[in-house]
Structures are given as structure tokens and as C-alpha cells.
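**Q** Need coordinates for the below:
(2 chains, ligands or ions: 1)
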Amino acid sequence: MTNSDYKIIVGLEIHVQMATRTKMFCGCELVFAAEPNSRVCPVCLGLPGALPVMNRQAVEFAILTATALNCKVAEFTKWDRKSYYYPDLPKNYQISQYDLPIGSNGYIEIPVGDGVTKKIRICRVHLEEDAGKNIHTAGSFSQVDLNRAGTPLLEIVTEPDINSAEEVRLLAMELQRIVRFLGVSEADMQKGHMRFEPNVNLHIKKDGSKHETPIAEIKNLNSFKALEKSVGFEVRSQLDNFIERGEVMQSGNKKTFGWDDVKEVTVLQRGKEEAHDYRYFPDPDLVPVVVDEKWLGEIKGGLCELPLKMQGRFVSQYGLSDYDASVLTTDRATSEYFDSAVKAGGDAKRVCNLITQTGLKTANEKGCGVAQLGIEPKRLAELAKMTDASQISATAAVTIFVKMMESKEQPGEIAEKLNLLQKSDAGELEKIVDEVITANPQAVEDAKSGDKKSKKAHGFLMGQIMQKTKGTANPQVVAKILGTKLKA
Amino acid sequence: MGQKKIDIKQVRQVAKLSRLDLSEAEISQFTGQLGAILEYVEKLNQLDTSKVEPLAHCLPINNCLRKDEVKQSLGTEKTLANAPDKDEQFFIVPKILEEPGGF
Ligand SMILES: [Zn+2]
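**A** Residues are numbered from 1 along each chain as shown, chains lettered A, B, ... in the order given. Purely as a prediction, here's the structure:
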């Protein structure tokens, strides 16, 4: 079957951990890798009589995200209990939002390459609490750690508007960028701050009629790679099942799968076909949330220019490539740092190169962001200006960049101290050019010959001159002088 | 009324979801009791509620919010104090063979 015979249909459910200091309904601190069961209290332990109280920050983060995802923010929302029994859920229910989510009917724009974007509709955005962690030991028992129980999670559900495994990954990455820009989540994949559940099936055209394959839900994916690969695997597997066995959707035959990261296959989770009965009902322990215009206005004050928009602006306003613009807008601090340096007078392409080629590498080694390297945007702009004016070479710019991290000095002062200012004084350079010409008669002859050897000889002479000036000569000025001399 | 509010099959399903191991006698007994409760509550349906706003909470208040401030947790030792089974740092439960998939 060719590609045009079927269409991939994917809807995605994403859980994002909110970057609050404490849990959703109690004051237990959220600490990654803390001693097991040390951050637990009567509320998140579900002890009788303990009452949950909403974390204002979590609610505001949720509303801010819903707004950034172009959702309608509910004026009135409430909390519901989702009942199920599992050792990591001490209350035997999860506090969630059922029929009145905080946000609904939004969309997210994702970059699909070359500055082209695609809109994916968002069905709903709601807040809920996370469960604890089960640790499956080798013995005949399991261990339970409730430190994570009660962590605020934002659940985001898209419409089935995604049409390839790559698009699923792009959406996940764009969402990561957005929540990081907003500061509502660290969105650290290694710490499980983002978890994905794609729903995958195919719409197939065959012999003039349309068929739909059974929907597969893949649970608990926590990396972009697993997300993309698992969707790709399901697509191939569903296509095979259709071709070989004519397998199509029947009412309610949604299947639940896990993902085997090692074998890179989806694994059917048996016994999941039976629909859960979560018996949702309003939680009597929690009062509703009413979001009036004043509060909504205050929360919206936390909005910022979103990454995709900024990326587009860097292309249209500053003339950067879409790739460079996307690298600079990976996180908010870097993008704003770049923007400030350009606004301080640095050439956009030059500042971009300094940041992406030298800055990011150095920042990576230091384990911080480029904006935290200690070089103010104004000094970076100054460094870019000097490079553009050929006062220093591109190599010297790197040296100066590194020095600037440790001192408050201006790039000009550092260049002078380290003798990195390029000599552009024609008189002084002419003397050196003459010396090199006298010392290398053979190369001069070759360079003048105009045949194959000429280019190589020319390069050799340039090299000799640069070496004599210890790289401080302005190569453009040297080339001009040498050219004139060789023509004579 | 006539029609039973809940049948044996539903009671079995609820018991299964609640991880309750009920005897045949109990299932039969609870089917009758639960049915009677549901029938009693059903009386509410006789009221005309067409002009009544849905009520999310019985108290006329909303937005009970707290600041995102850290409060002292119990600590591992106290947290585990009442656990039926535990080790140094964890609650111990019968072996879990399969993840529910989480959420
Ligand atoms: Zn707690």
C-alpha cells in the first residue's frame, strides 16, 4: 500500500508537572530524589479527617498555560474524585477535574519545518494530582513511595489532529518550550516532568471504501524519542494487521499498550479492555474555583512573547535562518539575552554566532544558561561590533568572550591587554608584507604565475604574514596590500 | 418501581474494582441492601429540579486557596508508623504484577 492510501490519526494526552514549591493540596515540599516517604503529611497520605486546600500558584500556572494554549478559561471550575484502587493512590481516588476543566477549546501551533506551522486543536486542559511511585523489587512484594503523591499535574488533551510520528514529537517539544517560557514547569524529561499518552489509529482507503483501524493507546511515555518511535511502531503494526487480517475498529475495541524501550515495540497490556468505572463525583472536601476578570487579568500579566512567535520574529526582523532562530528560542533566558544584545546594537547574525558557537558550548560545560555566563547583553553587543568592524578576528572574539566571563572589563580593554587588536595600519603592515615577499622569492613567482600553483602560493604568503603578526593583522587589509604588491 | 436498581453482576463488578473479595452470600446480601439504598435515594427524582442551578458544593463559598509555602511534612518514620507492612523507607504491599498505566 502506498502512503496516500492511509492517513495517520493521533491525539495526544500530556501530563506536565507544575513548578510549584509544594504539592497541589498540602504544604509538602516537592524535592526530586528526596528520601522516600519523607515529604508526606496527613493530607497526601489520605488520613481520615485531613482536608485538602488548593495551592494558588498551581491554579494560576494552570490558567496561564491554558491562556497560552489559546483556551477558553472557565469562569467556574470544580474538583472531582476519580475512583480507583492502587497502592500508589492512598485515598483510593485521585482529585481531578471531570466535566469542568480549567481550559477548553484551544490550540497549539507547532513548527513543522522551514518556518511553516500547523495548528493542533486542544480539547481540554485540567489540573489534577499525581500518584506516588511503586517500586517493583525482585522479591514477592512491591515498595511504595508517596513523595510524589499530590504533585500538581496539568493534563493537556489534544484533538486527533496529528498526522505523523514526527508531528507528535514536534508538538511535545513545542509544548516543552512553551511551559518553560511561561515558567510553569521545568519540563525536565529526566525527572519525569512530562509524560505522554498518544492515541493512534489509521484511516485507510481501499477498494473505494474507508476503513478505520482499532485505536491504540500507548501509556506512560517519558521521552521524545519513545514518543516518536512508539507511534511509528503502532502505525506499521496496525497497517500490517489490516493488510494481513483485515483488522478494523469495532465498537469499544480500544487497546492499551506499554512501550518496551529496549526492544522498541509496543506491548499489549492484558485485562485493560474492560472499561474502568471511575465513578467521578464532585469532591465535597474542596470548594469550587471562580475566576473573575480581575484575577484572570492578573494571571495574564505573566504571559510573555511565546517561543514560536519569537522564532518567527528573529527570522523576519533580524534575518536569521529558521534553524538559528529555533536554537536561540529553546529557552526564554537565551532568547531574551540574544534579543537584548541585538537591541544594544550588535549585528544579529554576529551575536547569534557568538551565542550558538561559543556561548552555548561554554554554558553547557558550566551547566548553566548562556545568559548566566556573566556577560551582559551590552558587552556582548560591543564584542560583536568590534568583530564586525574587523578590529578583532573571529578567533580573537572567542578568546575575548571567555575572558569577559571572568571580568567586568569591556571587550576593547581585554583585546588591548591581550594584544588581540588587529593591525589595520597599512604602513606597518606593508613593511611586514615586504619582508615576507623578500624572504620567499619562489612563492612570489608561483603566486604571480597565474597557473594552478598560484592559489596555493598566495595562501602560503598570507599565512606567513599572519604568522609574523601573530594573527593580529586584519586579513582583509593584508590581502589588499599583498594583491597590489604581487601585481606590481 | 419494579425494576431492580442494581443486579448481582454490577455488585460483582463494583467489588472487583474495589478489590473486595466477597462470598456468594455477601454478594446476594449486598445486592439487596444496595438496591434498597438506591431506591430510597431515587425519591429525590420526584422533585422538580428544572429551575434549580446545579450545586457543586453545599457551602456557599469558593476559592479557598493557600500560598505556595512549604509546611513541615511528617518525615519517613512517622509516615510509615501505621503501615501494615513496611521496611526502612517504604510501604510494603503485595507484589504488583502490572502497572495500571498511570495517568
Ligand atoms: Zn502532604
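**Q** Tell me which residues are up against the lengthiest strand in chain B.
**A** As assigned by DSSP state E, the longest strand anywhere in chain B is strand B:91-94. With contacts defined as CB atoms under 8 Å, 6 or more residues apart in numbering or on different chains, strand B:91-94 is touched by A:37, A:87, A:134, A:140-146, B:80, B:83, B:85-86. The way it works is simple: take the backbone N, C-alpha and C, and place the C-beta from them, glycine included.
**Q** Also stretch B:54-74?
**A** A:20-22, A:26-29, A:38-42, A:45, A:53-59, A:76, A:78, A:282, A:284, A:286-290, B:79.
**Q** what does stretch A:186-199 give?
**A** Residues contacting stretch A:186-199 (CB under 8 Å, 6+ apart): A:10-17, A:19, A:32, A:160, A:162, A:168, A:172, A:175-176, A:179-180, A:185, A:215-224, A:227, A:230-231, A:234, A:254, B:102.
**Q** With stretch A:426-441 instead?
**A** So stretch A:426-441 is contacted by A:423, A:444, A:460-461, A:464-465, A:468-469, A:473-474, A:477-478, A:481-482, A:485 (CB under 8 Å, 6+ apart).
**Q** Go through the longest strand of chain B and flag the buried ones.
**A** Within strand B:91-94, the residues that qualify as buried by neighbour count (16 or more other CB atoms under 10 Å in any protein chain shown) are B:91-93.
**Q** Over to stretch B:41-51?
**A** The neighbour-count check on stretch B:41-51 (16+ other CB under 10 Å) flags nothing as buried.
**Q** Span of it from start to end?
**A** Length of stretch B:41-51, first residue to last, CA to CA, to the nearest Å: 20 Å.
**Q** So for it, mean pLDDT?
**A** Average pLDDT, stretch B:41-51: 89.
**Q** Is it positioned near chain A?
**A** No. Stretch B:41-51 stays clear of chain A (CB under 8 Å from any CB of the partner chain), getting no nearer than 13.1 Å.
**Q** Taking the stretch 301-450 of chain A, what residue is nearest to chain B?
**A** Using CB to the nearest CB, the single residue of the stretch 301-450 of chain A nearest to chain B is A:Gly302, 14.1 Å away.
**Q** Angles on the backbone of the residue lying closest to that residue once chain neighbours are set aside, please.
**A** Of all residues not flanking A:Gly302 in the chain, A:Leu64 sits nearest, at 5.2 Å (CB to CB, 6 or more residues apart in numbering or on different chains). Dihedral pair for A:Leu64: phi -60, psi -40, per degrees, to the nearest 10.
**Q** Please read off the pLDDT at A:Leu64 from the model.
**A** 98.
**Q** can you pull the contacts of the residue in the stretch 1-150 of chain A that chain B sits nearest to?
**A** Going by CB to the nearest CB, chain B is nearest to A:Gly27 of the stretch 1-150 of chain A, at 2.8 Å. Residues near A:Gly27 by CB under 8 Å, 6+ apart: A:41, B:66, B:69-73.
**Q** Name the residues that touch stretch A:78-87?
**A** Against stretch A:78-87 from outside (CB under 8 Å, 6+ apart): A:92-100, A:128, A:131-132, A:134, A:142, A:144, A:276, A:278-283, A:286, A:288-289, B:17-19, B:56-57, B:91, B:93, B:96, B:100.
**Q** Buried subset of those residues as a ChimeraX selection?
**A** Filtering the contacts of stretch A:78-87 down to the buried ones (16+ other CB under 10 Å) takes a single ChimeraX command:
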select /A:93,94,95,96,97,98,100,128,131,132,134,142,144,278,282,283,286,288,289 /B:17,56,57,91,93,96,100
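**Q** Give me the subset of the contacts of stretch A:78-87 that lies in helices.
**A** B:Leu17 (DSSP state H).
**Q** Tabulate the contacts of strand B:91-94 (a markdown table), appending distance to A:Thr356 and pLDDT.
**A** As requested, these are exported to a markdown table (distance: CB to CB, whole Å; pLDDT from 0 to 100):
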| residue | distance to A:Thr356 | pLDDT |
| --- | --- | --- |
| A:Asn37 | 44 | 98 |
| A:Pro87 | 48 | 88 |
| A:Asn134 | 43 | 92 |
| A:Ser140 | 54 | 86 |
| A:Phe141 | 51 | 91 |
| A:Ser142 | 47 | 92 |
| A:Gln143 | 45 | 94 |
| A:Val144 | 45 | 96 |
| A:Asp145 | 41 | 97 |
| A:Leu146 | 43 | 97 |
| B:Leu80 | 50 | 97 |
| B:Ala83 | 53 | 94 |
| B:Asp85 | 55 | 94 |
| B:Lys86 | 52 | 95 |
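**Q** Now the residue sitting nearest the centre point of chain B. Nearest residue, chain neighbours left out?
**A** What sits nearest the mean C-alpha location of chain B, by CA atoms, centre = their mean, is B:Ser18, with 8.0 Å. Once flanking residues are discounted, B:Ser18 sits nearest to A:Tyr85: 6.2 Å by CB to CB, 6+ apart.
**Q** element containing the residue in the stretch 101-250 of chain A positioned nearest to the ion?
**A** In the stretch 101-250 of chain A, the residue that lies nearest the ion is A:Gly150 (5.6 Å; CB to the ion). Taking DSSP states H and E as the definition, one finds A:Gly150 inside no helix or strand.
**Q** Next: A:Ala479.
**A** Counting by DSSP H and E, A:Ala479 is part of helix A:475-487.
**Q** List the buried residues in that helix.
**A** So, applying 16+ other CB under 10 Å, buried residues of helix A:475-487: A:477-478, A:481-482, A:485-486.
**Q** what number of residues lie near whichever residue of the stretch 351-488 of chain A sits closest to the ion?
**A** Residue of the stretch 351-488 of chain A nearest the ion, by CB to the ion: A:Gly367 (31.0 Å). By the measure other CB atoms under 10 Å in any protein chain shown, the count of residues near A:Gly367 is 7.
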